[in-house]
Every structure is written in C-alpha cells, then in structure tokens.
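Undergrad: Provide a 3D model corresponding to the input given below.
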Amino acid sequence: MISALTLFSGFGLGTVLMPVFALFFPVPLAIAATAVVHFANNIFKFGLMARQADWRVVARFSVTAAVAAMAGASLLHLFDEMPVVASYTLGGSTFEVTVIKAVIGTLIVVFALLELSPRFQALAFSPSWLALGGALSGFFGGLSGNQGALRSAFLLKSGLSKEAFVATGVVSAVIVDAARLVVYGTGFMASHLATSNALLTPVAVGTICAFVGSFVGKRVLQKVTLHAVQITVAVAMLLIGAGLAVGLV
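TA: Here you go, the predicted structure:
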C-alpha cells in the first residue's frame, strides 16, 4: 500500500513509511525499520541502475553524507535516552511529551510541507554545494529518515541525465542507509530487542512491496503524481507528525 502511494503521491518511500511505523512502534524503531526497508529497496534499485550513476558526483556528495548520517543517527539515540519533558491529561487519558517525539514529529510536519511546496520542488543548488548538500541530506536521513527531498535539490544541477540523476541518487541513498544502520544496530535496536522482533514481519512485507514498486517505477521512470493522493498523504503525515510532537501518538 505504502509503495503504491509513493508512486502516485510524489512522496518518497521513507517519508511515507516512517510515520506509519511510528503509529505502532517506538519512534527510534520506526525510523530504523524504515531504514531497513529503504536500504533493501535501494539495494534492489542499485542492481538495476548502478551502471548509470555518475560516480564522481557520488563521491563528492556521499562521503559527507555518510559521516553526517552517522552523526544524525547518534543524535537520535541521544534523544531516545532523554526523559519525559511534559505530561498532560486529556479525556481521562495521560499523554507524555518526549524530546524524541517532539523533534521527529516536528520534522515530519516540516518535510511534509516542503514536499508540498512548488518552490522547494523547483529548488536546485550549484554543484559547488554538493558536499554541503550531502552533509545536510545525510544528517536528516540519520536523524529522521528524511533525506530524499534534500538529496534531489542538491543533485539537480549536477549536469546529469534523467537516468544518471536517479541512479546517482540511489547509490547515494544506499551509502547513507548503510552508514545510519550501523549506528541504529549498535544503539537503540539492541536496547529495544523485544520490540525489534515484532518488526520483522512488517519490515519483510514492506520490503517485498517496495521491490514491486521499484520494479514498476523502473519501467515507468517518470513518477506520476495524482494531486488528490498527494494531498491525502500529506494531510495524514501532518496529523501524525503533529500527534507525535504533542504526545498524542
């Protein structure tokens, strides 16, 4: 279902999947589980498209992206260990506001709004900013899983063909995913081992469906955005993000 939505909403897999996982699992595990699906899906796309990547651009973009991804993932682990900052009662139920939920919920809202913004979608930076773009994309990828929109903005003016642009983005995403998964695996996934086991089935199903979506997307390549689907997905993401930020989710 999520894979199909990414094909028709204009949102990336990680951007849509992570908020859904966050409805059912602790936020750090939701981000880590999304990273596993994203990584497996990109490995599949890597096999399909790696030959078309511009490896010089990959090197300039992905070295800083990988380092920043590990820094972002480490910061996520730090937020996960912070205590509850506030609590309140609503309708007879008690809700808690934590640092990690407030930060990730806010980022979900911000990136959902950015993805909807025509100005942001048209944003493109000079190739001289590739290293900085890699750092920003990698950091937010490690912290919240949101990396695709920033990655595209910084790769857009690198003089790549459509196929090379997509392939270079895929290779860069694989590198970022591998870097952040190392930190996730040695950090909070170990401390949430029991809950991590419950994620095995959703991750497996999500990975298989993402493969199908990637296969179809490779055949079509041009993403078809249906405005009604895009708005529906965006509203859902905004609600989930706001709910996380104030402790309702």
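Undergrad: This structure: strands as residue ranges?
TA: Listed in chain order, the strands of the chain (DSSP state E) span 84-90, 93-98.
Undergrad: which secondary structure elements does the first one contact?
TA: Secondary-structure packing of strand 84-90 (3 or more CB pairs under 8 Å, 6 or more residues apart in numbering; DSSP states H and E): strand 93-98. Heads up, the C-betas are built off the backbone N, CA and C, glycines and all.
Undergrad: Can you give the strand pairings for the strand it packs on, parallel or anti for each?
TA: Paired with strand 93-98 in the same sheet, following DSSP bridges, are strand 84-90 (antiparallel).
Undergrad: Now do the buried residues in the strand it pairs with.
TA: Residues of strand 84-90 include none that count as buried (16 or more other CB atoms under 10 Å).
Undergrad: And stretch 111-121, by the same measure?
TA: Residues 111-112, 114-116 are the ones in stretch 111-121 that count as buried (16+ other CB under 10 Å).
Undergrad: Could you pull up the mean pLDDT of it?
TA: Predicted confidence along stretch 111-121 averages 81 (mean pLDDT).
Undergrad: next one: stretch 93-108
TA: Mean pLDDT, stretch 93-108: 92.
Undergrad: Name the residues that touch it?
TA: Stretch 93-108 is contacted from outside by 18-19, 22, 27-28, 31, 76, 79-80, 82-89, 140, 143-144, 146, 237-238, 240-249, using CB atoms under 8 Å, 6 or more residues apart in numbering.
Undergrad: In ChimeraX, how would I select just the buried ones from these?
TA: In ChimeraX, a selection of the buried entries from the contacts of stretch 93-108 looks like this (16+ other CB under 10 Å):
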select :18,19,22,27,28,31,76,79,80,140,143,144,146,237,238,240,241,243,244,245,246,247,249
